[in-house]
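In: With the sequence up front, the predicted model follows.
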Amino acid sequence: MPILILPAIATQFLARILLHLFDKLGCMRQFHLTPEASADANPVDAAEILEGLNAMQQEAASATDGPVLIIAGPGSGKTRTLTHRIAYLLGAGKARPFEILALTFTNKAAREMRDRIKKLVGEEAARGMWMGTFHSIFARMLRIEGKKIGYTPDFSIYDTDDTQRVLRDLMDRYHVDGKQFNVRAMRSIISSAKNQMVSPGEYEKMVASPVQEKAALLYRPYQQSLLKANAMDFDDLLLKPIELFEKDTQTLKKYQQRWRYVHIDEYQDTNHAQFLVARMLAAVHRNICVVGDDAQSIYAFRGADIGNILSFQRDYPNATTVRLEQNYRSTKAILRLADSIIKQNKDQIEKTLWTENVDGEAVVLKEAISEKDEAQKTERTIRDIHVRRGYPFKDFAVLYRTNAQSRSLEDALRRGGIPYRIVGGQSFYQRREIKDALAYLRLIVNPSDLASLRRVINYPARGIGHKTQEVLSTFAVKEGLTLWQTLERIGDVGLSNRARTAAEKFRALIAKYVSKAGTLSADELAREIIREAGIFDDLRKDNTPENLVRWENVNELTNAIAEFVANSSEQATLSAFLQEVTLMTDADEGEDSDNKVTLMTLHASKGLEFPAVFITGLEEGLFPLSQAASDRKELEEERRLFYVGATRAEKHLFLMYARSRYRYGDQQTAVRSRFLEEIDASVIRTERGDNFEQRKDRFVTSQRGKGAFEGLDPHYYRKKPSGKSNGKGAVSSGRRIVYDEGEGGPLSPGMRVEHDLFGEGKVLALEGQGDRAKVTVFFKEVGQKKLVLKFAKLQRIG
DNA sequence: AATAACTTTCTTTTT
DNA sequence: GAAAGTTATT
């Protein structure tokens, strides 16, 4: 890197931070602003300084008051930039710590930011700052202010599991059943309605399908159940602050005054509610600074609205826009590949990424026979680079589209004796035994908590089965009580002696610890109730290795609680612990010091970087996922995901695909991903060092048409004919399952078909591709229907 | 009536 | 291959 030349405006900012840093480190104050000189001064911290300098080129100039939009590519140090801005505000005396609100999306990013701030301005300042994920910040605020909208500070936070428990109850009560009305569908419809801030009343009017009709029926009762349970789901954590602010403008004013500077990381991932609450909070001082990259928007599925970042300048007309286009991370080869990926997308802000880094080695494409082979090749390649080039294991990351793919990779790494860690997936706090134990604690803290009560009322088995629970539920609804209140009036319910005794015993158990909650410390409380409830006994009942691990996990939980109580200085209440733990979905044990290969989903990789990266499973139907293949917007999101994955790599990038893969419990043949056919092949070499021969004609690029294929594999996965998957092979092979069939599919308009339920009919039209393919059929009995081909199980007749 | 054993279904990403 | 749903057993 050449000598660094600083823009004049940046000097004051830089000098303050650097002097501060040198002060802290106790090293000399004389330094030349060249990389070489600072490297001499102190090799370790010089790296930090250099990082800082790199990131400060333009943002120093825009470290002014007023709204700021920072658009930046991957590897340009976005989060770092934001951190330095905050440091600047403090360093320049513009703001005091508690006047700054910094919002991130992952706990990981929040932690990273806090660590950097600590380094730059000291621990004291960092502590006073409101810095964290949207969800954790608002949980914290609602602990303080929630009573104004009907929640006690002990409210429970419901994750997907819990909300589905509540919904299942409601589906019973409102008689929503049938195959297509499953809990997951209902939950996701309600959740996206909430994300878009559509109220139950508004939603009822928008209903356009039977599934939506059922969801509309459940939406309002669902919200009422949560309120009654003194619980909020993840969506509520964003919506309730808005509700609160609208209802009580005094509270809004308080926080508007308090937070003079609002900072948001990964702005492209904000949803409508987050946009609104940010705008509310920044309305007085109008010092809002957001950082993001539209090309890395990969969370539309959970309501992220890329429009927020695209229209920032319209929302804040006098905003300063800063573009950071220099990439400090990857080689030219990798960046070129990444650029060729994202160029395929139509919806994007034009950015020209560039780097001063070396050209680097070619990106390597590897084909494998099976997923097992893919995993072994990955393992061998890691070992090879590790041994021959001396890369430590922590320099490697293996990325995949779905969590299920980690299994074969783990197998291969374990077999090869290579240490690894898995990020994300099921974190400690999401394991069943942990959630069971936590449910007891949540119930003690918040007895209204319906989901937790349902979770543990018969675990371990104590004779309160479905029937009994149903009776209790019905009584509760009839009397307008919570389930817990029903247990307190168990005599009035009219149960059999046996059931009543069991229920009463359970109530007494919980009540005992509710009253003990004041006297025992949190960890003692946890240990005792877990023991007395019989969880330990249940896990030791039979001596399977799984149960042993579970038993250890539960023990570990009590340690974690003890640690939490010991470490947190402020009100380290048990309920605060329980709330935080629910929000900690990223496997948090990310000890970076460990020298291990990292396995994770592409989503989880965002914001990270590794010298060597493997992107596995580049196959049609998997990446891009079949559901996304027929919709341009979804396909573009998959492509951005590929882009995110590729730009994690600093020096080496490997693209892997397998010709067959186990899916749905069956071996299925696979076609390599269309993404491979559309990228810049000039930077790619095959395993043997050959040029990569693309088959461009295989897929129509996204620019042409609406993502349709031209005369090619309409199915991405085809079952091998051998299938002895279900015992009744004869029956299923006699039946012609359409999506299983060869080129073009056997159906065409005019054909006569038969459906299990609807009977005989005539095909009118076909549309969509692969798993999304739909067929319109006119049935004699029931008239015209549009069916998803994959599930319709149509049989040709005549 | 509760629970264990078996069968069928449905497969994404996460705060 | 896991989870939900169904049937058989206690």
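Out: All right, it came through fine.

In: Tell me the residue of chain A that sits nearest DNA strand C?
Out: Proximity of chain A to DNA strand C (Cβ to the nearest atom of the strand) peaks at residue A:665, 2.5 Å away. For glycine as for every other residue, the C-beta is placed from the backbone atoms N, C-alpha and C.

In: What is the burial count for that residue?
Out: Residue A:665 has 8 neighbours, counted by other Cβ atoms under 10 Å.

In: can you check residue A:255 too?
Out: 19.

In: mind checking how far it is from residue A:292?
Out: To residue A:292, residue A:255 is 23 Å away according to Cβ to Cβ, to the nearest Å.

In: Please apply the same query to residue A:104.
Out: Per Cβ to Cβ, residue A:104 is found 12 Å from residue A:292.

In: joint contacts of these two?
Out: Among the neighbours of residue A:104, those also in contact with residue A:292 (Cβ atoms under 8 Å, 6 or more residues apart in numbering) are A:265, A:266.

In: Residues touching the helix of greatest length in chain A, excluding its own?
Out: If you go by DSSP state H, chain A has its longest helix at helix A:545-567. With contact meaning Cβ under 8 Å, 6+ apart, helix A:545-567 is reached by A:428, A:431-434, A:437-438, A:521-523, A:526-527, A:530, A:535-536, A:539-541, A:572, A:574, A:577.

In: try 6 Å this time
Out: A:433, A:434, A:437, A:522, A:523, A:526, A:527, A:539, A:572, A:577 (Cβ atoms under 6 Å, 6 or more residues apart in numbering).

In: Can you name the element that comes right after it?
Out: Scanning forward in sequence from helix A:545-567 by DSSP states H and E, the next helix or strand is helix A:574-583.

In: all helices for the stretch 101-250 of chain A, in order.
Out: Counting by DSSP state H, counting those that start in this stretch, the segments of the stretch 101-250 of chain A that form helices are A:107-121, A:123-127, A:134-145, A:160-173, A:183-195, A:200-206, A:210-228, A:234-247, A:249-258.

In: Next, the buried residues of the last one.
Out: Taking 16 or more other Cβ atoms under 10 Å as the basis for neighbour counts, the residues of helix A:249-258 that come out buried are A:251, A:252, A:255, A:256.

In: which one of these is nearest DNA strand B?
Out: residue A:255 (19.5 Å).

In: Grab the CA positions of stretch A:578-587 and hand them over as PDB.
Out: C-alpha atoms of stretch A:578-587 as PDB (Å, rounded to 0.1, in the frame of the first residue of the first chain):
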ATOM      1  CA  LEU A 578     -34.900 -14.900  29.500                       C
ATOM      2  CA  GLN A 579     -35.700 -12.100  27.000                       C
ATOM      3  CA  GLU A 580     -32.200 -11.700  25.800                       C
ATOM      4  CA  VAL A 581     -31.700 -15.400  25.400                       C
ATOM      5  CA  THR A 582     -34.700 -15.600  23.100                       C
ATOM      6  CA  LEU A 583     -33.200 -13.000  20.900                       C
ATOM      7  CA  MET A 584     -29.900 -14.800  20.800                       C
ATOM      8  CA  THR A 585     -30.400 -16.900  17.800                       C
ATOM      9  CA  ASP A 586     -27.000 -16.800  16.300                       C
ATOM     10  CA  ALA A 587     -24.900 -19.400  17.900                       C
END
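
In: Name only those of the contacts of helix A:545-567 that count as buried.
Out: Counted by 16+ other Cβ under 10 Å, those give A:433, A:434, A:437, A:522, A:523, A:526, A:527, A:539, A:577 as buried.

In: Nearest residue to residue A:74 in space, please, no chain neighbours.
Out: Distances taken as Cβ to Cβ, 6 or more residues apart in numbering put residue A:647 closest to residue A:74, at 3.8 Å, once the chain neighbours are dropped.

In: picking that back up, name the nearest of the contacts of helix A:545-567 relative to residue A:695.
Out: Of all those, residue A:695 sits closest to residue A:434, with 47.9 Å by Cβ to Cβ.

In: Next, see if the host helix or strand of the closest one gets close to DNA strand C.
Out: Using DSSP H and E, residue A:434 sits within helix A:432-445. No - for helix A:432-445, no contact with DNA strand C is found by Cβ under 7 Å from any atom of the strand; the gap never falls below 7.7 Å.

In: contact partners of the next helix or strand after that helix?
Out: Toward the C-terminal end, the helix or strand that comes next after helix A:432-445 (DSSP H and E) is helix A:450-456. Contacts of helix A:450-456 with the rest of the structure, by Cβ under 6 Å, 6+ apart, involve A:158, A:162, A:165, A:166, A:229, A:439, A:440, A:442, A:443, A:483.

In: got a list of what the third one touches?
Out: Applying Cβ under 6 Å, 6+ apart, one finds that residue A:165 lies in contact with A:451, A:454.

In: Quick check: it vs DNA strand B, distance?
Out: From residue A:165 over to DNA strand B the distance is 15 Å, taken as Cβ to the nearest atom of the strand, to the nearest Å.
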